[in-house]
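Engineer: take this sequence and fold it.
(one chain, ligands or ions: 1)
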Amino acid sequence: MGHYRSNLRDVEFNLFEVYRIQDSLGSGPFAQMDVDTARDILAEVERLAANEFADGFVEGDRVPLTLVDGDVTVPPGISKALDAYFAGEWHRMSLPEHLGGVGAPPSLVWSCMAMLVGANPAALMYLAGPFFATIIDPLVTDEQRRRWVVPMVERQWGATMVLTEPDAGSDVGAGRTRAVDAGDGTWHITGTKRFITNGDFDWPENIVHLVLARPEGAAAGTKGLSLFIVPKFWVDEDGRLAERNGAVVTKIEDKMGLKASATCEVTFGETTPARGVLVGEVHEGIAQMFKVIEYARMLVGTKAIETLSTGYLNALAYATQRVQGPDLARATDKAAPRVEIIRHPDVRRSLMMQKAHVEGLRALVLYTASVQDRIMLDPGAADLVKLNDLLLPMVKGYGSEKSYELLAQSLQIFGGSGYCKDYPLEQYIRDAKIDTLYEGTTGIQGMDLFFRKIGRDQGTTLARLLGEVQAFAKGDAGNGQLAAERDLLAAGLDEMHSMLGTLVGFFGESIYKVGLNTTPFLFGLSELVVGWLLLRQAEVALAALDAAAESDRAFYEGKVAAARWFAANVLPTLAARRVVLEHTDLGLMDLPDAAF
Ligand code: ST9
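Structural biologist: Down below sits the predicted model:
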């Protein structure tokens, strides 16, 4: 068996039993989709993930990428995964109908992407072309669509998002890459960008770089940036590949993990002009690029969470087979039989901590995806767009931090063996560390949540979400069997309201007191939302248990147990978060730097 362990039962539980996506299949944008097709897609993608994608996972870590004259060659396993993905036409899943899509709802697409990214994260990243085509499709002219967007789909070109510069990093507005209008409908780009995922690879015939650059004379900061399509190869009027463009990979980063994913320095216009075309109007670049960033943030959170999922399931399998030590209740009896380590209380504690978080985080991803389904059904629903925006920093920021932290618990189950390359855990940990860093660090996610998604919205969307949590906590979900857990949820909700009030009060005292707390607040809010989603799952599971087939009973019992564990072990810690937050002072800011 390969390294990747999926949890299709849990995915289907989310999609069909909790969020009930079948209610919107068969009409509107999902007219071509029905439940049976959706289930078939999930099963087929699970097979693709466990085979062609998972097969190249270890090789990608051990066989280095090469860079010769600006061309990057990837290990063969990556190419095999891409061959299988495109041969199966899986890229059509997420496309709109006019680009040849099949009308799958985002919740189904994210479920599939999760399995693929869990099986081979580097391979999945190389699939960006058709996704990015879909995102920029509404922003381009008809001519740009014909020349660039349609081939990104039909000829399966690669794509990159090119923002980051060596000296600017997260501060994208400090970028110095310039764009000069050539007067013939094209622009010449000059500058150096760093940390560009998929900057080059030898699978597609062409790569479209989506580049942020500053037109001459434009204002400083992000608002002076424009978005350009800058191809690896230019194409002529008839769509034939023409001359090599001056966008060239000049270095591959030597990274801690995710080694098969080419993280590149790309230099524009150094020896040959790097020609590009402007997307939309000048100075719209940052808003346009954020359309891409939103999906990439969701993907990065999903990647982290699915890595934890396969990490946990590997650890669970090991714990049920590995025999070591006597049952604690017979520890003084030296002749007592040795037991599987899953029988040990401390191992069970760790396993449940992992299970509850994995399933809660998957619930968060698929809840967010189900909000995206509803946006497609009702594109004018501004409240849903804002809810999606509010949830994204939780998926990305909390999802990546918690997954990285708990992957260490998964490794711990293996003892010293987990530290060795015989098992995939050490690679999972190295590959997942990047998730707290790229697409906006956790610090950026905390600020995004508090200042932009809550502050700029005057708390309206948050209040609506917390209102739903409140209604659940005060309702009768669970038919008497979840009363204690709903009380814990209500208490956690009070703590979050209190933290929010304190943070708003800090504004009048010092912005630093707010800034010291945006990340802890992100974590606290995420824990509350995850607790709520797990209890919603427990309600569904309890209702299903009576009529459940014998083979399904353990699944539903596990759902209820995970929700109860989270309510009893995580939600009460919100009280401690509140106390710590209330006691914030400016000591940290006043401390001389030399004292750190
Ligand atoms: C990277 C690559 O890390 C990682 C891997 C890529 C993976 C590629 C593979 C993808 C495959 C895709 C699969 C998809 C699957 C799809 C399935 C579909 C079903 N939201 O606050 P201001 C905008 S790349 C929206 O003043 P500063 C907004 O326009 C590197 N928009 O900030 C705003 O104007 P306004 C990633 C937002 O101080 C304007 O920005 N790098 C948001 O000027 C200015 O905002 C990063 O992520 C938002 N949340 O700039 C950068 N926020 O206010 C991290 C801002 O008028 N740095 N805007 O609306 C930041 O985020 C900074 O905070 C900053 C600061 C740049 C925004």
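Engineer: helix/strand/coil for Met256?
Structural biologist: Three-state assignment for Met256 (DSSP: H, G, I helix; E, B strand; the rest coil): coil.
Engineer: ends of stretch 93-100, what's the gap?
Structural biologist: Terminal residues of stretch 93-100 lie 9 Å apart, using CA to CA, to the nearest Å.
Engineer: list the buried residues for that stretch?
Structural biologist: Met93, Ser94, Leu95, Leu99 (16 or more other CB atoms under 10 Å). Quick note: C-beta positions are derived from backbone N, CA and C, even for glycine.
Engineer: would TSV of these with pLDDT and secondary structure be doable?
Structural biologist: Output for the buried residues of stretch 93-100, formatted as TSV (pLDDT from 0 to 100; DSSP: H, G, I helix; E, B strand; the rest coil):
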residue	pLDDT	secondary structure
Met93	92	helix
Ser94	88	helix
Leu95	93	coil
Leu99	94	helix
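Engineer: and these, which two are furthest apart?
Structural biologist: Spatially, the most separated pair among the buried residues of stretch 93-100 is Met93 and Leu99, at 11.7 Å (CB to CB).
Engineer: which one of the buried residues of stretch 93-100 is nearest to the ligand?
Structural biologist: Ser94 (4.7 Å; CB to the nearest ligand atom).
Engineer: show me the strands in the stretch 1-150 of the chain, by range?
Structural biologist: 66-68, 71-73 (DSSP state E, counting those that start in this stretch).
Engineer: now the ones you listed as TSV including mean neighbour count, distance to the ligand and mean pLDDT?
Structural biologist: Listed next are those as TSV, based on neighbours: other CB atoms under 10 Å; distance: least, CB to the nearest ligand atom, whole Å; pLDDT from 0 to 100:
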stretch	mean neighbour count	distance to the ligand	mean pLDDT
strand 66-68	13	19	98
strand 71-73	16	15	98
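Engineer: could I get these as TSV with distance to Ser400?
Structural biologist: Output for the strands of the stretch 1-150 of the chain, formatted as TSV (distance: least, CB to CB, whole Å):
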stretch	distance to Ser400
strand 66-68	28
strand 71-73	26
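Engineer: how about the nearest residue to Ala363 once chain neighbours are set aside, what does it touch?
Structural biologist: Nearest non-adjacent residue to Ala363, counting by CB to CB, 6 or more residues apart in numbering: Leu533, 3.9 Å away. Listed by CB atoms under 8 Å, 6 or more residues apart in numbering, the contact partners of Leu533 are Gly360, Ala363, Leu364, Tyr367.
Engineer: what sits up against stretch 18-32?
Structural biologist: Against stretch 18-32 from outside (CB under 8 Å, 6+ apart): 15-16, 33-35, 38, 97, 102-105, 107-108, 363, 366-367, 370, 373-374, 376-377, 536-537, 540.
Engineer: can you tell me which of these end up in helices?
Structural biologist: 35, 38, 107-108, 363, 366-367, 370, 373-374, 376-377, 536-537, 540 (DSSP state H).
Engineer: can you turn the buried subset of the residues you listed into a selection I can paste into PyMOL?
Structural biologist: In PyMOL syntax, the buried subset of the ones in helices among the contacts of stretch 18-32 is picked out as below (16+ other CB under 10 Å):
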select buried, resi 38+107+108+363+366+367+370+373+374+376+536+537+540
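Engineer: report the mean confidence score over stretch 545-565.
Structural biologist: The average pLDDT for stretch 545-565 rounds to 96.
Engineer: what does that stretch contact?
Structural biologist: 9, 13, 352-353, 355-356, 359-360, 481-482, 485, 531, 534-535, 537-538, 540-542, 544.
Engineer: mind checking which of those residues are buried?
Structural biologist: Buried, going by 16+ other CB under 10 Å: 13, 352-353, 355-356, 359-360, 482, 485, 531, 534-535, 537-538, 540-542, 544, out of those.
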